[in-house]
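[1] could you work out the structure for the sequence below:
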Amino acid sequence: MCTPAQSATVGPRHRAKATARTGNNHSIRAVVPDVHGDHPDVHGEYKVPGGKLVVADLDVGDDTVLRAQISGDFFLEPDDALPRINAALTGTPVDMPAAQVAARVRAVLGDGVEMLGFSPEAVAVAVRRALTGATGWHDHQWQFVHDAPRAPALQMALDEVLTEEVGSGARPPTLRVWEWASNAVIIGSFQSVRNEVDLAGAAEHDVTVVRRISGGGAMFVEPGNTITYSLYVPESLVSGLSYVESYAFLDDWVLGALNDLGIAATYQPINDITSPAGKIAGAAQKRFAGGAVLHHVTMAYDMDAAKMVQVLRIGREKLSDKGTRSAAKRVDPLRSQTGLERAEVIDRMVASFGGRYGLAPGWIAEESVAEAEERVIRKFGTDAWLHRVP
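    Coordinates of the predicted model:
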């Protein structure tokens, strides 16, 4: 598998090689520009969530962008704004942060320029993705696993193990749909147990409390009442994106899937998926030093809000923000808005992902499960981990 930068071909004329260093310590091959302009040194793409595709083709030398060509399916008026954008990017240092790149673009546009489906920030992201050797969704062979029901602590451990496997190259990028073996509350890595969970209520309703490795808020799940999935991806897929941008980028496919189901789903920064009926899902993310990213999402299918507020310490404002006006009312955004069984919703979501990016059947090796079980004993099932923030 090659990155876009690696797959670029070299023109027929000799091109002197050089090396550029980016701010992320990635090394990219840079060459003197081809006089014919046929083969850019580096190529980066960014699909604006809810917007258009922006493509950056750059020639690079002496740690600087020597030539830039921005293209895409966006709309831009007047026509001469595009040459101005390209000129503004020429001379950009390869380690310039995205915010400064966007400022350079904005400075040459002036009044009267209409950018539809993209923005100076989107141009900057495409440029940074080109310079950091980012990969796209289609550069990877995706694997799908619809996993067996597993205990809550084991689910936490598997997320860590499988992400590390992607980082090491032992596993291809993977979409995994979870099944829960029991009721659970999953608190964020930095949340306080006593502030978030009513332990007496959890015991009364046979709810296991676990802590995950990603940040964000607490989730209440019951088998069959939620849809939980994880994406295990190489860091290169989100290279050049900020944390906030990477949430929108990795959630874009599921917004399309929900829209196809007739749900007017939208992304709400930083990490929520919502609809006019209320919040549907919450995402969380963890970046690993080994070069992989964990992005997992829990979606409400048919949740018992009355039970939820007996287990979680949720105030009225937060409950309302999740689309529930009364604690006694059941929250079922996916079930009520689609009229479909949970299995059908999952099948259509997975089919939507596969239709976009391709998806092959996969599995979790016995050795991976065994390693996860060991981590439950050493970490995820211990009081020390659960109560690391009392």
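
[2] pick out the residue nearest the middle of this structure.
    Nearest to the geometric centre of the chain sits residue 250, at 2.9 Å (C-alpha atoms, centre = their mean).

[3] which strand or helix spans it?
    helix 243-260 (DSSP states H and E).

[4] helices or strands up against that helix?
    Where contact means 3 or more C-beta pairs under 8 Å, 6 or more residues apart in numbering; DSSP states H and E, helix 243-260 is packed against strand 266-268, strand 272-275, strand 278-288, strand 292-300, helix 342-357. Quick note: C-beta positions are derived from backbone N, CA and C, even for glycine.

[5] how does it look with 7 Å?
    Other elements packing on helix 243-260 under the criterion 3 or more C-beta pairs under 7 Å, 6 or more residues apart in numbering; DSSP states H and E are strand 266-268, strand 272-275, strand 278-288, helix 342-357.

[6] ranges for the strands of the stretch 101-250 of the chain?
    Assigned by DSSP state E, counting those that start in this stretch, the strands in the stretch 101-250 of the chain fall at 114-116, 143-150, 174-180, 184-187, 208-211, 219-221, 226-234.

[7] which one of those strands lies closest to residue 364?
    strand 143-150 (6.0 Å; C-beta to C-beta).

[8] partners of the closest one in the sheet?
    Strand 143-150 pairs in its sheet with strand 174-180 (parallel), strand 360-361 (parallel), by DSSP bridges.

[9] so which residues make contact with the last one?
    This points to strand 360-361. Strand 360-361 has contacts (C-beta atoms under 7 Å, 6 or more residues apart in numbering) with 141, 142, 143, 144.

[10] let's go with 6 Å and repeat that
    Residues outside strand 360-361 that contact it (C-beta atoms under 6 Å, 6 or more residues apart in numbering) are residue 143.

[11] on that earlier part again, adding distance to residue 380, mean pLDDT and mean neighbour count, write the strands of the stretch 101-250 of the chain out as a markdown table.
    Shown next, in a markdown table, are those (distance: least, C-beta to C-beta, whole Å; pLDDT from 0 to 100; neighbours: other C-beta atoms under 10 Å):
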| stretch | distance to residue 380 | mean pLDDT | mean neighbour count |
| --- | --- | --- | --- |
| strand 114-116 | 46 | 97 | 14 |
| strand 143-150 | 12 | 97 | 17 |
| strand 174-180 | 15 | 98 | 20 |
| strand 184-187 | 11 | 98 | 24 |
| strand 208-211 | 7 | 98 | 20 |
| strand 219-221 | 16 | 95 | 25 |
| strand 226-234 | 15 | 98 | 23 |
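
[12] wait, which of these is closest to residue 254?
    Closest approach to residue 254 among the strands of the stretch 101-250 of the chain (C-beta to C-beta): strand 226-234, 8.4 Å.
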